[in-house]
Each structure stands twice: as C-alpha cells, then as structure tokens.
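A.B. asks: Sequence plus predicted model, see below.
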Amino acid sequence: MRFLILIFYLLFSGIVWADSLLGLPPLTMPADNLQTVEKIMLGKRLFNDKRLSADGSISCASCHQADKGFADGLKLAKGIKGQIGTRNAPTVMNAAFFKTFFVDGRSKSLEAQALAPFLNPIEHGLKNSQEIVNLLRDEPEYQQAFKIVFKINPDEITAAHIAKAIASFERTLIGGNSDFDRYYFGRDKTQLSDSAARGLRIFRRKGNCANCHEISWNNALFTDNRFYNIGVGSKALETVLDKLLQAQKQGKPITSLNLTPQQLSELGRFNVTGISSDIGKFKSPTLRNIALTAPYMHDGSMETLAEVIEYYNKGGNKNPFLDAAIFPLNFSLQEKQDLEAFLQSLNSE
C-alpha cells in the first residue's frame with residue numbers, strides 16, 4: 001500500500017524517478033536517508049517555507065524556482081532585507097547526482113548543503129541551527145509531520161532531521177528525457193534539428209565542451225563534478241594576487257589581506273582547499289535546462305547563451321591559473337548558432 005501511495009504522489013505532483021527518464025544514470029540513495037513519500041512532502045514544505053528566515057521573506061524556493069529551472073533568474077542571489085550576495089544561484093535540478101555542492105564544492109552531501117543557506121547572514125540570516133529547530137518544534141503541523149517521518153517527539157527534532165527531509169525533496173528534482181536524450185540515447189534522429197545535430201558534434205569535438213560537461217555512452221549529466229579556472233571573475237584578483245600568494249607562502253591568514261567580499265568569492269575552490277592552484281576554480285555546472293537558468297557563470301556576469309559561447313570562443317580571460325583546456329576556438333558564426341541550438345535541446349520534458 002505504501003508503494004502505491006508513493007507512486008500516486010509522484011505521478012500527480014510531477015515528480016518522477018531518475019530511472020524512468022532517458023539520459024540519466026541510476027540514482028542511489030544514502031543508506032541513512034532513504035526516500036518515503038511522507039519525508040518528501042515534509043521536505044517540500046520546508047523548502048517552500050519563508051518563515052525559516054530571519055525576516056520571513058526568504059525560502060529555499062526563493063532562489064530555486066521551478067519555472068526558472070530551479071534557479072532564480074537574477075545575476076546574484078538575493079537574501080533577507082534585500083541583501084545581494086556575491087554569487088549566482090545555481091540550479092538544484094539533478095543535484096541528486098552531484099558529488100559536491102555549492103559552486104566551490106564546500107559541502108559533500110545534499111544533507112550538508114541543505115542547512116548552510118539558513119545560517120548565511122545574507123541568505124536566510126538565522127543565527128544558528130537551533131533557531132531553525134525552535135521554529136519547527138512550536139508548529140503543530142510540523143510536530144505531527146516529524147513524528148510520522150522520523151518517529152520522534154517535538155523535543156527530539158534536530159537540524160539533522162530537517163536536513164534529511166529537505167535533501168529527500170531535492171532528490172526528486174530530476175530532469176532528463178530531453179530532445180537530445182531522445183536523439184542520442186533513444187536513437188531517434190528526428191528529435192534534433194540539423195543545426196542542433198551539428199552543434200552536438202561541435203560540443204564533443206571542436207568546442208571541447210564535453211571535456212568538462214560529460215556525455216557518457218549511456219547517460220549524460222553534462223558535468224564531471226570537477227573544478228576549473230576558466231577566467232571568469234579573475235580580473236577582481238589582479239591587484240591582490242601577488243600579495244595573496246606571498247601571504248600563503250609565509251603562512252599568513254587570508255584575513256590579513258582585507259579582501260573585499262567579491263575578491264573572497266572569486267578565490268573559488270581555494271577557499272575550501274587552501275591550495276594555490278585552486279584559485280579561481282569553480283565547479284563545472286550541469287548544462288541540463290541551461291536555456292532556463294540565465295544569467296550564467298558563478299557571478300551571473302553573462303546574460304545569454306550566445307554571450308557564453310563567445311566568451312569560450314575568445315579563450316576566456318587570461319590569468320596565471322587559467323585551465324589548459326581554455327583557448328581560442330575560432331568558431332564561425334554558423335558554428336556558434338549551431339552550438340546554441342544544441343544547448344537549447346537540453347531542456348527536460
């Protein structure tokens with residue numbers, strides 16, 4: 001009976017399993033957070049609840065909107081009191097397949113990622129995880145839901161339970177079975193226009209795009225879950241880079257440099273690892289539903305796909321840590337148009 005209820009909920013809420021969508025690999029669940037329909041529904045409610053912010057104005061769904069590919073359409077994410085962050089809100093679509101989370105990879109699981117925005121002073125602005133717990137313990141409907149899902153009393157609710165519920169909902173945000181999937185994996189050559197089919201060949205060959213946005217023989221996540229310096233935002237570090245490297249060599253903390261919020265943000269993966277070669281590296285994003293998630297890049301600096309293609313065509317912004325795979329591509333106008341047509345084919349059904 002529970003299985004039938006789960007199927008009914010998934011069908012009529014628009015949620016589907018990854019295994020039923022062409023182009024996606026099998027989806028595995030953590031052993032300590034298996035899916036149930038009740039947990040998914042609780043997570044969805046938490047994901048959409050604006051009360052879980054300091055001023056009652058922001059929910060997870062504020063930055064991850066379904067009609068915008070689970071991004072927000074803004075250059076930089078907006079939090080409580082209208083505050084603007086330093087990075088573009090990435091999509092959470094297909095996050096169930098990611099190996100790390102946030103554009104610098106600072107979280108290693110969906111559960112760890114789920115709580116971080118609540119405690120960010122710009123985003124949800126709550127002071128600590130206990131503040132989140134207290135908000136839920138006093139709400140009768142949440143008390144009942146947590147009791148059903150986790151078999152616990154209100155005073156036993158913890159931040160870990162909240163994270164598990166939100167992560168369970170996020171694992172249902174799955175997108176596949178695009179025109180590309182039906183063309184490539186379904187072997188239906190009618191699914192792509194001639195232009196998009198040419199664009200696919202450019203994507204895999206001349207454009208070198210599949211080097212980071214992988215297409216495997218039986219699935220395509222369009223990300224390799226790795227980190228690269230492609231030059232975006234590197235100009236913000238030009239005046240401080242030598243001082244930064246010198247401070248690192250001397251064992252001095254970054255705080256001694258009085259970097260601006262933007263400069264700190266542009267350090268990227270370096271903020272996680274402390275390795276100088278990681279300066280300016282950011283995770284390669286999935287390209288699924290890319291036509292829905294403008295503006296682009298970790299800083300939202302590019303408004304259109306055409307602008308992104310031209311950036312790569314010119315070879316990015318030069319800097320000491322630019323990845324070797326970024327170089328001028330010498331696309332013709334037709335090749336640029338074909339590549340954009342292909343990217344437009346990646347929207348989920």
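C.D. replies: Perfect, thanks for sending it. Numbers count the residues shown, from 1 in each chain.

A.B. asks: Okay, and the nearest residue in space to residue 301 that is not next to it in sequence sits in which element?
C.D. replies: Counting by C-beta to C-beta, 6 or more residues apart in numbering, residue 301 lies nearest to residue 232, which is 6.4 Å off, once chain neighbours are set aside. The C-beta positions use only the backbone N, C-alpha and C, and glycine is treated the same way. Per DSSP states H and E, residue 232 falls between elements, in no helix or strand.

A.B. asks: Phi, psi for residue 136 please.
C.D. replies: For residue 136, the backbone dihedrals (degrees, to the nearest 10) come out as phi -90, psi -30.

A.B. asks: What number of residues are in the vicinity of it?
C.D. replies: Residues contacting residue 136 under the criterion other C-beta atoms under 10 Å number 23.

A.B. asks: per-residue confidence for the residue lying closest to it once chain neighbours are set aside?
C.D. replies: Closest residue in space to residue 136, ignoring its immediate chain neighbours: residue 142 at 4.5 Å, by C-beta to C-beta, 6+ apart. Per-residue pLDDT puts residue 142 at 95.

A.B. asks: And for residue 249?
C.D. replies: Looking at residue 249, its pLDDT reads 88.

A.B. asks: quick one: the residue nearest to residue 136 is in a helix?
C.D. replies: Yes: applying DSSP: H, G, I helix; E, B strand; the rest coil, one finds residue 142 inside a helix.

A.B. asks: and the gap between it and residue 319?
C.D. replies: Counting by C-beta to C-beta, to the nearest Å, the separation of residue 142 from residue 319 is 48 Å.

A.B. asks: do residue 287 as well
C.D. replies: According to C-beta to C-beta, residue 287 stands 24 Å off from residue 319.

A.B. asks: who's more crowded, these two?
C.D. replies: Taking other C-beta under 10 Å, residue 287 and residue 319 do not tie; residue 287 has more neighbours (22 against 18).

A.B. asks: what's the closest non-adjacent residue to residue 117?
C.D. replies: Spatial nearest neighbour of residue 117, chain neighbours left out: residue 123 (4.4 Å); criterion: C-beta to C-beta, 6+ apart.

A.B. asks: So if we follow the domain assignment, how does this protein break up?
C.D. replies: The record's domain parsing of the chain by automatic domain parsing lists 2-170, 179-230+282-344, 234-278.

A.B. asks: circling back: neighbours of the residue nearest to residue 301, how many?
C.D. replies: Counted with other C-beta under 10 Å, the neighbours of residue 232 add up to 22.

A.B. asks: That one contacts residue 295, doesn't it?
C.D. replies: No: in this structure, residue 232 is not within contact of residue 295 by C-beta atoms under 8 Å, at 11.8 Å.

A.B. asks: which neighbours do the two share?
C.D. replies: Jointly contacting residue 232 and residue 295 under the rule C-beta atoms under 8 Å, 6 or more residues apart in numbering are residue 301.

A.B. asks: name the helices or strands packed onto the helix or strand residue 167 falls within?
C.D. replies: Residue 167 belongs to helix 159-170 when assigned by DSSP H and E. If contacts are counted by 3 or more C-beta pairs under 8 Å, 6 or more residues apart in numbering; DSSP states H and E, helix 159-170 sits against helix 37-47, helix 110-119, helix 129-137, helix 140-150.

A.B. asks: mind checking which of these is nearest residue 239?
C.D. replies: Each of the helices and strands packed on helix 159-170 has some distance to residue 239 by C-beta to C-beta; the shortest is helix 110-119, at 29.8 Å.

A.B. asks: Pull that closest one out as PDB, backbone CA atoms only.
C.D. replies: Provided in PDB are the C-alpha atoms of helix 110-119 (Å, rounded to 0.1, in the frame of the first residue of the first chain):
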ATOM      1  CA  LEU A 110      22.800  17.300  -0.100                       C
ATOM      2  CA  GLU A 111      22.100  17.000   3.600                       C
ATOM      3  CA  ALA A 112      25.100  19.200   4.500                       C
ATOM      4  CA  GLN A 113      24.200  21.700   1.800                       C
ATOM      5  CA  ALA A 114      20.600  21.900   2.900                       C
ATOM      6  CA  LEU A 115      21.300  23.800   6.100                       C
ATOM      7  CA  ALA A 116      24.000  26.100   5.000                       C
ATOM      8  CA  PRO A 117      21.800  28.800   3.400                       C
ATOM      9  CA  PHE A 118      19.700  29.100   6.600                       C
ATOM     10  CA  LEU A 119      22.800  30.200   8.500                       C
END
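
A.B. asks: List the buried residues in it.
C.D. replies: Buried residues in helix 110-119, counted by 16 or more other C-beta atoms under 10 Å: 110, 111, 113, 114, 115, 117, 118, 119.

A.B. asks: Surely the third one and residue 102 touch.
C.D. replies: Yes: the pair residue 113 / residue 102 is scored as a contact, 6.6 Å apart, by C-beta under 8 Å.
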